[in-house]
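Asker: Structure for this input, please:
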Amino acid sequence: EYPYQKWIKNVVDLDPIIGKGGEPHLFDKAELTRRKIAAGFTYEDMETVLHPMVADGKEPLGSMGDDTPLAVLSDRYRPLSHYFRQNFSQVTNPPIDPLREARVMSLKTRFRNLGNVLVHDEKQTEVYVLESPAISTGMFERMKNHLEGRFYEIDCLFDPAREGALAEAIERIRAEAEDAVRQGYGHLILTDERISEKMAAMPMILATGAVHSHLMRRGLRTYTSINVRSAECLDTHYFAVLIGVGATTVNAYLAEECIAERQAHGLFGKVSLEGCVKRYIDSVSAGLLKIISKMGISVISSYRGAYLFEAVGLSRSLAADIFPGMASRISGIGLSGIAKKVARQHALAFSPEVTLPAIGGFYKARAAGETHANDAKLIHLLQKAVATESYTTYKRYAEAVRALPAVNLRDLLDFCKAKTPAPLEEV
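Answerer: Residues are numbered from 1 along each chain as shown. As a prediction, this is how the structure comes out:
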């Protein structure tokens with residue numbers, strides 16, 4: 001009935017076109033350091049997370065335990081991805097083995113103006129295809145050149161010194177995105193790369209979710225792709241959250257600049273920069289397969305915009321507006337709280353007194369790092385109390401635990417004593 005064999009030739013595989021080529025250097029050393037601080041990167045992030053992804057070509061291994069405070073309870077800057085917990089399949093939807101069942105899984109990313117998907121015509125097969133939604137800076141630049149004139153770029157920045165500026169910026173990017181789609185642009189670029197002393201980057205999870213949800217409500221989402229350039233994006237979880245709230249492709253340009261810096265110092269041996277970046281992209285892709293497999297999902301398009309997370313520490317009103325359908329059982333901070341955290345970190349980046357990123361302390365306990373419930377001194381006290389059977393030492397341990405800042409939600413609970421005791425026979 002229809003010449004499908006002819007139409008299918010319209011499908012364009014972008015990887016051979018944009019895959020090969022060099023990787024540009026975007027920042028000098030001073031600017032790179034400033035941007036690392038603004039994004040909240042630490043030396044620990046570089047050594048514990050980024051380096052193994054390049055050196056080994058896969059995600060770093062770690063224990064399942066996490067004794068650090070929830071992001072909403074922490075007094076340290078934490079990326080917005082820490083406020084999201086990945087869902088996993090339970091009872092009805094069995095998980096997939098992303099290694100042994102890789103044949104039935106795919107990260108192929110198709111993007112174009114979908115228009116009316118129910119219409120049978122040649123335009124329905126004018127599709128651009130990528131093997132993975134994670135793309136390098138070089139690939140991104142080459143894709144822009146290949147599809148010249150079809151991209152509309154939106155700066156996702158706000159004035160950290162002005163109250164309410166983040167909420168206004170979100171409304172601005174929503175309006176810009178809607179206007180661009182109505183003008184006929186088939187691809188949107190959301191970027192935070194043009195930060196300055198007076199303009200801070202909004203968390204790109206927030207920006208992506210805001211644009212995706214707004215276009216969905218306007219019935220325009222199928223007419224465009226959302227391509228995200230994020231400084232804060234570093235690990236696989238951040239990629240997954242961006243895709244889960246609506247991103248079509250993701251370019252972690254600052255992470256790539258950090259890879260280039262380490263490669264120039266010879267930390268990856270004789271591997272070229274292009275080879276290092278490919279290893280990073282491959283490790284992210286493998287991690288994404290693992291994440292979607294936990295939900296029994298075999299193709300990334302089923303994960304995109306599905307909000308398969310639980311928000312922990314974000315206000316219910318924010319979740320309902322920007323991440324509709326996502327559970328936020330305990331509520332938490334809203335746009336004003338997020339803006340204050342970003343503003344403090346941004347001020348550090350442009351402070352003349354701060355010249356180096358923080359050491360870290362999230363993954364491994366450090367004196368000047370994040371709070372850890374299983375502090376070395378506490379463990380030593382507990383071991384001593386057990387070994388010597390000393391109740392006095394145990395009391396010192398218990399008092400030290402109670403003196404810790406709130407780490408878990410249960411630490412916010414306390415006993416509510418009745419004004420009059422209940423009769424013993426009623427107990």
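
Asker: contacts, neighbours, all on C-alpha from now
Answerer: Fine.

Asker: Strands of the stretch 1-150 of the chain, start to end?
Answerer: In the stretch 1-150 of the chain, the strands defined using DSSP state E, counting those that start in this stretch lie at 12-13, 84-86, 109-111, 128-130.

Asker: now, of those strands, which is deepest in the fold?
Answerer: Greatest average neighbour count among the strands of the stretch 1-150 of the chain goes to strand 109-111 (a mean of 20), per mean count of other C-alpha atoms under 10 Å.

Asker: who touches that one?
Answerer: Residues outside strand 109-111 that contact it (C-alpha atoms under 8 Å, 6 or more residues apart in numbering): 127-133, 224-225, 248-249, 300-301.

Asker: The same query, at a cut-off of 6 Å, please.
Answerer: 128-130, 132-133, 225 (C-alpha atoms under 6 Å, 6 or more residues apart in numbering).

Asker: Mind picking the lowest-pLDDT entry from the residues you listed?
Answerer: Among these, Y128 carries the lowest pLDDT, at 85.

Asker: I figured it hits V12, correct?
Answerer: Yes - counting by C-alpha atoms under 6 Å, Y128 touches V12, with 4.8 Å between them.

Asker: hang on, the earlier thing: can you redo the strands of the stretch 1-150 of the chain as JSON lines with distance to V277?
Answerer: Output for these, formatted as JSON lines (distance: least, C-alpha to C-alpha, whole Å):
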{"stretch": "strand 12-13", "distance to V277": "20"}
{"stretch": "strand 84-86", "distance to V277": "26"}
{"stretch": "strand 109-111", "distance to V277": "19"}
{"stretch": "strand 128-130", "distance to V277": "16"}
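
Asker: And for E59, nearest residue in space, chain neighbours not counted?
Answerer: Setting aside the residues directly before and after it, E59 is nearest to M53 in space (C-alpha to C-alpha, 6 or more residues apart in numbering), at 5.2 Å.

Asker: What does the pLDDT read for that neighbour?
Answerer: So M53 comes in at 96 (pLDDT).

Asker: Let me know the helix or strand that the spatially most central residue of the chain is in.
Answerer: When C-alpha atoms, centre = their mean is applied to the chain, the residue found nearest the centroid is Y238 (2.0 Å). If you go by DSSP states H and E, Y238 is part of helix 236-244.

Asker: helix or strand right after that helix?
Answerer: Following helix 236-244 in sequence, per DSSP H and E, is strand 249-251.

Asker: Show residues contacting that next one.
Answerer: The contact list for strand 249-251 (C-alpha under 6 Å, 6+ apart) reads 133-136, 227-229.

Asker: Adding neighbour count and distance to E171, write those out as CSV.
Answerer: Shown next, in CSV, are the contacts of strand 249-251 (neighbours: other C-alpha atoms under 10 Å; distance: C-alpha to C-alpha, whole Å):
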residue, neighbour count, distance to E171
P133, 25, 26
A134, 26, 27
I135, 28, 28
S136, 25, 29
N227, 26, 18
V228, 30, 18
R229, 23, 19
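
Asker: Considering the residues you listed, which is situated nearest to I170?
Answerer: Set against I170, the nearest of the contacts of strand 249-251 by C-alpha to C-alpha is V228 (15.0 Å).
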